[in-house]
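> what's the 3D shape of this:
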Amino acid sequence: MLDGAPAVVEDSGGGEILVAVDASADGEWVYFDFDGARAVVVSDPFTEPTWDLAFQRFRVKSNGGVSGNGNVSIAALGTEDFTQDVTSESLEWRSDSGTGTRIKYAFTEDGSWYRYQSRSHTLESRRQVILVRSTEGIIYRLQMLTYYDRLRLSGYPTFRYARS
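Have a look, this model is predicted:
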């Protein structure tokens, strides 16, 4: 557990940041700013440019498209190699789209970040590397690592990211 903090951020060295988010509350989003490497409080997600991604249980929305006006976009790399060099111009960049209850989160469009394990009823990260273009226009690479905390409680996505 994160002892009441919305996110724990740890500098892993070499420009890599490790983040654990407490997104366990149903109906509440935890907003994260990549440029500031911190969780942020957001009163109006549609107009505030202070966040890049938001987490609610296993859902991940971006501050772009129908979820916000921060111009955040997402591109899946199709690899698990976090250090692989990629030309971001050749990728398909997406923002959240849809209306009402039919929102398509760009973060999960390319096969989702997780695999559902029907035998254990658990989520397992696909460890796919995803590029995130932040509200500041900086490109970060992100890799989801797990959905559980150290006690195996769900709703605690942990990921690593670095400037690309």
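
> for this protein, which spans come out with low pLDDT?
1-5, 88-89, 110-111 (pLDDT under 70).

> ok, now with 50
Low-confidence segments of the chain, defined by pLDDT under 50, span residues 1.

> Relative to the centre of it, find the outermost residue for me.
Checked against the mean C-alpha position of the chain, the extreme residue using CA atoms, centre = their mean is R119, at a distance of 25.9 Å.

> quick one, phi psi at that one?
When read as degrees, to the nearest 10, the backbone of R119 gives phi -70, psi -40.

> All the strands of this structure, residue numbers only.
Using DSSP state E, the strands assigned to the chain run over residues 7-13, 16-21, 30-33, 38-40, 53-56, 59-62, 73-76, 114-117, 122-125, 129-133, 139-148, 154-163.

> Kindly reformat those as TSV containing mean neighbour count.
In short, each C-beta sits where N, CA and C put it, glycine included. Rendered in TSV, the data for the strands of the chain read as follows (neighbours: other CB atoms under 10 Å):
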stretch	mean neighbour count
strand 7-13	13
strand 16-21	19
strand 30-33	23
strand 38-40	17
strand 53-56	24
strand 59-62	23
strand 73-76	22
strand 114-117	13
strand 122-125	16
strand 129-133	23
strand 139-148	19
strand 154-163	20
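
> Reformat the ones you listed as CSV; add distance to F82.
Putting those into CSV (distance: least, CB to CB, whole Å) gives the following:
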stretch, distance to F82
strand 7-13, 11
strand 16-21, 8
strand 30-33, 18
strand 38-40, 21
strand 53-56, 17
strand 59-62, 18
strand 73-76, 13
strand 114-117, 17
strand 122-125, 12
strand 129-133, 6
strand 139-148, 5
strand 154-163, 7
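
> Of all these, which one is nearest I103?
strand 59-62 (7.5 Å; CB to CB).

> Now tell me what touches that closest one from outside.
Residues from elsewhere that reach strand 59-62, judged by CB atoms under 8 Å, 6 or more residues apart in numbering: 29, 52-54, 67-68, 72-74, 95-96, 103, 105-108, 113, 132, 157.

> And that strand, how far out from the chain middle?
Distance of strand 59-62 from its chain centroid, counting by CA atoms, centre = their mean, to the nearest Å, is 6 Å.
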